[in-house]
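Engineer: make a model of this:
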Amino acid sequence: MRYDFGSDNTAGMAPAALEAIVAANDGFARAYGADDVTARAADQIRGRLDADAEIRFVFSGTAANAIALSMLAFPHEAVLAHHAAHICTDETGAPGFFGQGVGLIGLPGFSGKIEPAALNAALAEPEVGHRQPAAALSLTQSTEYGTIYSEEELRHLIEPVKLKGYGVHMDGARLANAAAAGFDLTLIPRLGVDVLVFGGAKAGANCAEALVIFDKSLARRIDNRLKQAGQTASKARFLAAPFLGLLESGAWEDGAAHANLMAQRLAAGIATRSPFTLAHPVEANAVFVRMPEAAHARLNALGWACYRFDDGSVRFVCSWATRVEAVDEILEAIAGLG
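Structural biologist: Reported below is the predicted structural model:
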């Protein structure tokens, strides 16, 4: 089975990330994040965001998201998010686990983007003693359906939330793809995001993600929180090094730009050479296709791993490592399904 398009998680580490880990392995360094590699990686992220933020490197996006949300909501409160958000569908209740009961309220919207009217309706809900009231908003950039929020779209969602005094979290697992498509990263703190998960794994790192805390009042005893959650690495430089390698070299953006380009090539081929239709706009590195069950099964039987997503479409994901030849090969296979 070939996993070229199964997910961007199926690719290995980008050379710049791997080389940075090898370099970080040379000699001795202070432990628990007090080393030079971790400091330099954090500074690279601050530079990209043009913000003085607290930054910690953790082992997974699920942990980063859940810990971030536990900063923004009490156990008797809930977080608003798109109903297809990763925190709602793919984290096994981790926000509630790390937040000791924090709830999730799913909201509708096309192609992974929250519909402003639905958000405003949720914000207008009366608070009653037998439900968890909303206390925060979670946004994903780029979204789970491969679309990218514009500045205006984000503003329309964040402003009413901030007016209520609620917090804002952004899941940036594929933030590199949004940046490569033209999204200005410096907008994130300026628009009022309190906590960001700055994606590494899908951009060519190993398993690491960065927790970026703009509102430093939320960072009180953050190291204690992370230690209790099993997210404090003694050899922290090996979590930070891939970020340092990717960001110093520019491979974080370059790899994402390549992934986006490969997704455009794949989408164009499907639209012109196959009987199938695209289910969502292709703005980042994912392509969603309306494909009958039988055709999907035949594609899997031909050796191509791809799976059916929450809305019933079949998802194909490109990465920094996707080859043009692989795109053309799978296009031949898809064209032959008609």
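Engineer: from here on, just use CA atoms for contacts and neighbour counts.
Structural biologist: Will do.
Engineer: what's the neighbour count on residue 90?
Structural biologist: Neighbourhood size, residue 90 [other C-alpha atoms under 10 Å]: 11.
Engineer: going forward, begin numbering at 20 instead of 1
Structural biologist: I'll keep to 20 as the first residue from here, and by that count the last item is residue 109.
Engineer: what pLDDT does it get?
Structural biologist: Turning to residue 109, the model gives it a pLDDT of 92.
Engineer: so which residues of the stretch 120-269 of the chain form helices?
Structural biologist: Ranges of helices within the stretch 120-269 of the chain are 135-142, 170-182, 194-199, 206-210, 241-247, 256-268, based on DSSP state H, counting those that start in this stretch.
Engineer: same list, those, but as TSV with distance to residue 324 please.
Structural biologist: Formatted as TSV, these follow (distance: least, C-alpha to C-alpha, whole Å):
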stretch	distance to residue 324
helix 135-142	35
helix 170-182	34
helix 194-199	22
helix 206-210	34
helix 241-247	35
helix 256-268	27
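Engineer: weakest of these in terms of mean pLDDT?
Structural biologist: Among the helices of the stretch 120-269 of the chain, helix 241-247 carries the lowest mean pLDDT, a mean of 93.
Engineer: domains for the chain, by residue range?
Structural biologist: The chain is divided into the following domains under automatic domain parsing: 34-268, 270-354.
Engineer: mind checking the pLDDT average for the helix or strand hosting residue 66?
Structural biologist: Under the criterion DSSP states H and E, the helix or strand holding residue 66 is helix 55-68. Per-residue pLDDT over helix 55-68 has a mean of 98.
Engineer: on contacts alone, who are the packing partners of it?
Structural biologist: Packing partners of helix 55-68 (3 or more C-alpha pairs under 8 Å, 6 or more residues apart in numbering; DSSP states H and E): helix 206-210, helix 256-268.
Engineer: residues in contact with the first one?
Structural biologist: What that stands for is helix 206-210. Contact with helix 206-210 is made by 68, 70, 170, 173-174, 177-178, 233, as judged by C-alpha atoms under 8 Å, 6 or more residues apart in numbering.
Engineer: give me that answer again for 7 Å
Structural biologist: Applying C-alpha atoms under 7 Å, 6 or more residues apart in numbering, the external contacts of helix 206-210 come out as 70, 174, 233.
Engineer: mind listing the strands for the stretch 220-357 of the chain?
Structural biologist: 228-232, 296-297, 305-309, 326-327, 333-336 (DSSP state E, counting those that start in this stretch).
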